[in-house]
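Visitor: Starting from these lines, generate the structure:
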Amino acid sequence: MTIARTAAARRILTTSLAAAGIAALALAPTAAEGLTAVDGGSSASAAESTLGPDGYSSLELGMSEEEAVDTGLLTDRQEIGACTWFYLDPAEGEQNPGAGVVVSPTHGVVSIPGTQSTRTPEGITMGSVAEATGSTTEQIENGYDRYTVDKTGLLPLYTAPAPGNSQAHYIFAIGDDDRVKDMALTADDDGGCGLND
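Guide: Numbers count the residues shown, from 1 in each chain. Model prediction:
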C-alpha cells in the first residue's frame, strides 16, 4: 500500500520553526514553539515503551474517546474541527510541541505520537542513530518491507505500513542530521481528521 501525502496533509503534518531555523513534524494543527531536544541516548524506559502496530501501552487505535481518556495517558483535550486532540501525559516522555493523540468521532483514536521514550518494534526511536545498524533512514529502509518517501516538504517524511496491522502505518520525519525528529502511528482511515488527505 502506498500512502500518498498531499499539500493538505503536509499543512497538518509539517510546522515551520522559522525563528529557530529548524523544522519539526507536527501532528496537530497548532503552532509549535520549539523542537524537543534529542540526545540520541537510550534508557531502560525507552526499551520498555513500544509504539506498536496497534498502539502504545494501554492506548490503542480505534478506542473511543472515553476509552482513551480512561487509560490515564491523555491530557489537554482540544477540539479541532470534527476531531479531538490530546497530548500524552508528560510521564510518558517528551513529545514534540503540536504532536498529539488524534480521536475521530466516528473511528476513535486514529493517531498516536511517539515520544523520546518510545520506539517501534523495529527499533526506530526519536533522535537515535544506532551504530550497529547504520543511519536512521537505513534502519527504516531495512526494518520495513515497503515504505514511501516524500521529500517535497520541510522534512522528508517516511511512511511505512505497520507490520502486524494492515490498517495502520508509521510516519517518520527525518532531519538533516539523519535523526528522526518526530514519529507517529496512524490509522489508514483517519475518520475525517485530515491526516491522510
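Visitor: For the protein, just list every one of the helices.
Guide: Listed in chain order, the helices of the chain (DSSP state H) span 7-13, 44-48, 65-70, 136-143.
Visitor: contacting residues around the third one?
Guide: In other words, helix 65-70. Residues from elsewhere that reach helix 65-70 (Cβ atoms under 8 Å, 6 or more residues apart in numbering): 59, 74, 77, 84, 86, 101, 103, 105, 108-109. All C-beta atoms are positioned from the backbone trio N, CA, C, and that covers glycine.
Visitor: let's go with 7 Å and repeat that
Guide: Helix 65-70 is touched from outside by 59, 74, 84, 101, 103, 109, with contacts defined as Cβ atoms under 7 Å, 6 or more residues apart in numbering.
Visitor: what about the fourth one, neighbour count?
Guide: For Val101, the number of neighbouring residues by other Cβ atoms under 10 Å comes to 30.
Visitor: what pairs with it across the strands?
Guide: In this structure, Val101 bridges to Phe86 when assessed by DSSP bridges.
Visitor: quick one, what contacts it?
Guide: Val101 makes contact with 68, 74, 85-86, 88, 109, 111-113 under the criterion Cβ under 7 Å, 6+ apart.
Visitor: neighbour-wise, which of the residues you listed leads?
Guide: Ile112 (32 neighbours).
Visitor: hmm, back to that, tell me, which of the helices of the chain is the model least confident about?
Guide: Mean pLDDT values for the helices of the chain show the minimum at helix 7-13, a mean of 34.
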